[in-house]
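Asker: build the 3D model from these lines:
(one chain, ligands or ions: 2)
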Amino acid sequence: MAICTVYTTQLNPTCSSISKPSKSHLGFHQRQVVLYKRNSTNTYRPRSSGFSRPSYSIITCAADQTVVIGLAADSGCGKSTFMRRLTSVFGGAAEPPRGGNPDSNTLISDTTTVICLDDYHSLDRTGRKEKGVTALDPRANNFDLMYEQVKTIKEGVAVEKPIYNHVTGLLDPPELIKPPKILVIEGLHPMYDERVRDLLDFSIYLDISNEVKFAWKIQRDMAERGHSLESIKASIEARKPDFDAYIDPQKQYADAVIEVLPTQLIPDDNEGKVLRVKLIMKEGVQYFSPVYLFDEGSTISWIPCGRKLTCSYPGIKFTYGPDSYYGHEVSVLEMDGQFDRLDELIYVESHLSNISTKFYGEVTQQMLKHSDFPGSNNGTGLFQTIIGLKIRDLYEQIVASRSQTPVEAKA
Ligand SMILES: Nc1ncnc2c1ncn2[C@@H]1O[C@H](COP(=O)(O)OP(=O)(O)OP(=O)(O)O)[C@@H](O)[C@H]1O
Ligand SMILES: O=C(CO)[C@H](O)[C@H](O)COP(=O)(O)O
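Answerer: Ligands and ions are numbered 1, 2, ... in the order given. Sure, this is the predicted structure:
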């Protein structure tokens, strides 16, 4: 986090965000901020002798303030895969904090820091068992701390965040999280608490239908983790009431929802391999303009298979159009089916608009780069990649708008 190095009585025009010091500001990382005193003419002086805490404000460089993105989904619904795609859009690899807890859930890259909200479990595995609550139950999570820490990071100050250890089921000693350019909070509840929700600059919900969730869980937990079919069924059933009560309702607040359903191209398909994926995009969200197919606002149905796109059974179908979602006006882009050849995706990409690419073919390039990630041959990978590009664009717009904002003091 860069600090404002203003040593005159006038504020640097790029530093427009001013807030009162809180306990966390004045803690361990006090040296990261510069304290200024406001005088009667509403100008600012750097800290000098006679400084008394209540009369000082913390000034952070607005252009460097952290943009906060929320990603909500149930466990095993593709959050990690989405995060890898997002990080890749910004370049560089995301890694756990160097020299830290090997069981840390955090991933850090040059631009992004992804924190997992499981770290705000207030009850460890034993505690939840004793109280008979699941991790999805708000009573097993500390929303006050989540709010305080996300807010503090957003204001440009580092925090000591707890770690929930998925290996031991215990709460480990905290780890230091420094303010990144983009903070992603991913997990079960990024939009559950209104205070946390209000801190989000953009929010996404991964809505995986029960049939597909089940197919993915079986694939992962049976093949990779040696669980039995019965135990997977039992674990999904046990979580369902709390999922319905506390996780699923968050999708009404999301700016973008990626909904994953069984295909409609194969009658009575229950294999869950071919997917129908919807990208539901809220209208009127600042710095976010929904993607469209051919003609903005029209209703379109498109089968791109033919000379320019190779399709084997059951083919590919795109639809696009306006709709309503939890009372909000939205645009919905849908893809049913899967790609045979990813290099031909450029044909589809060239018919999509508002995809926030920096050069022709960037979506296709990203998809080809990660062709081994789950979902790369269908709408899950395509829409996750597009949302990654939209987040980059949103971030750049926010930074640009902040550096143009006139200085305004909030005492
Ligand atoms: N788009 C996809 N298409 C097919 N399978 C997928 C897709 N996304 C995820 N999966 C399957 O689901 C599993 C979980 O994915 P991922 O690790 O990204 O989810 P997660 O939400 O981060 O899970 P957890 O919270 O349990 O760590 C993957 O191993 C894969 O089997
Ligand atoms: O839903 C979950 C996170 O996405 C987990 O079930 C929750 O965090 C509890 O984890 P564990 O099973 O390791 O105790």
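Asker: which helices and strands sit right next to the longest helix seen in the chain?
Answerer: For the chain, the helix that runs over the most residues, judged by DSSP state H, is helix 379-404. Helices and strands touching helix 379-404, by 3 or more CB pairs under 8 Å, 6 or more residues apart in numbering; DSSP states H and E, are strand 67-72, helix 79-89, strand 202-208, strand 256-262, strand 275-282, strand 328-337, helix 362-369. Placement of C-beta: from N, CA and C, glycine included.
Asker: now do 6 Å
Answerer: Judged by 3 or more CB pairs under 6 Å, 6 or more residues apart in numbering; DSSP states H and E, helix 379-404 is in contact with helix 79-89, strand 256-262, strand 275-282, helix 362-369.
Asker: partner strands of the third one, with direction?
Answerer: Partner strands for strand 275-282, per DSSP bridges, with pairing direction: strand 256-262 (antiparallel), strand 328-337 (antiparallel).
Asker: okay, the helices and strands packed on helix 379-404 in CSV with mean neighbour count and mean pLDDT next?
Answerer: Shown next, in CSV, are those (neighbours: other CB atoms under 10 Å; pLDDT from 0 to 100):
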stretch, mean neighbour count, mean pLDDT
helix 79-89, 22, 93
strand 256-262, 22, 97
strand 275-282, 23, 98
helix 362-369, 19, 96
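Asker: residues near residue 170, how many?
Answerer: Counted with other CB atoms under 10 Å, residues neighbouring residue 170 total 14.
Asker: isn't it up against residue 124?
Answerer: Yes: here residue 170 reaches residue 124: they are 5.1 Å apart, a contact under CB atoms under 6 Å.
Asker: need the overlap of contacts for the two.
Answerer: By CB atoms under 6 Å, 6 or more residues apart in numbering, residue 170 and residue 124 have no common neighbours.
Asker: which residue packs closest to whichever residue of the stretch 251-400 of the chain sits closest to ligand 2, ignoring adjacent ones?
Answerer: Here the stretch 251-400 of the chain gets closest to ligand 2 at one residue, residue 251, 16.4 Å apart by CB to the nearest ligand atom. Leaving aside its chain neighbours, residue 251 sits nearest to residue 205 (4.1 Å; criterion: CB to CB, 6 or more residues apart in numbering).
Asker: any idea of the pLDDT on that neighbour?
Answerer: Residue 205 is assigned a predicted lDDT (pLDDT) of 98.
Asker: how close does it get to residue 93?
Answerer: Using CB to CB, to the nearest Å, we find residue 205 at a distance of 26 Å from residue 93.
Asker: residue numbers of the stretch 101-250 of the chain in contact with ligand 2?
Answerer: 118, 125, 135, 166, 169, 188 (CB under 6 Å from any ligand atom).
Asker: doesn't residue 169 make contact with the second one?
Answerer: Spelled out, it's residue 125. Yes: with contacts counted by CB under 6 Å, residue 125 reaches residue 169, the gap being 2.9 Å.
Asker: and for the residue nearest to residue 220 when sequence neighbours are not counted, the neighbour number?
Answerer: Distance criterion CB to CB, 6+ apart; nearest residue to residue 220, sequence neighbours excluded, is residue 76 at 6.3 Å. Using other CB under 10 Å, residue 76 is surrounded by 17 other residues.
Asker: repeat for residue 110
Answerer: The number of residues packed near residue 110 is 12, by other CB under 10 Å.
Asker: run through the residues that contact it.
Answerer: With CB under 6 Å, 6+ apart, residue 110 has these contacts: residue 92.
Asker: mind checking how far it is from residue 70?
Answerer: Relative to residue 70, and taking CB to CB, residue 110 is found at 21 Å.
Asker: then residue 303?
Answerer: 35 Å.
Asker: these two: who's more crowded?
Answerer: residue 70 (28 against 13).
Asker: near ligand 1, which residues of the stretch 151-300 of the chain? Just list them.
Answerer: Counting by CB under 6 Å from any ligand atom, the stretch 151-300 of the chain sits next to ligand 1 at 216, 219-220.
Asker: ok, and the most crowded of those?
Answerer: residue 216 (18 neighbours).
Asker: how about that residue, secondary structure?
Answerer: helix (DSSP: H, G, I helix; E, B strand; the rest coil).
Asker: need the pLDDT of the residue lying closest to it once chain neighbours are set aside.
Answerer: Excluding the flanking residues, the one nearest residue 216 by CB to CB, 6+ apart is residue 76, at 6.1 Å. Looking at residue 76, its pLDDT is 86.
Asker: residue 76 and residue 225, how far apart?
Answerer: 10 Å.
Asker: between residue 205 and residue 93, point out the one with more neighbours.
Answerer: Ranked by neighbour count (other CB under 10 Å), residue 205 and residue 93 place residue 205 first, with 24 against 11.
Asker: pull the contacting residues for that one.
Answerer: Residue 205 neighbours (CB under 6 Å, 6+ apart): 72, 251, 254, 257.
Asker: what residues are up against the closest residue to residue 107 other than its chain neighbours?
Answerer: Closest residue to residue 107 apart from its sequence neighbours, by CB to CB, 6+ apart: residue 94 at 3.9 Å. The neighbourhood of residue 94, defined by CB under 6 Å, 6+ apart, consists of 87, 107, 109.
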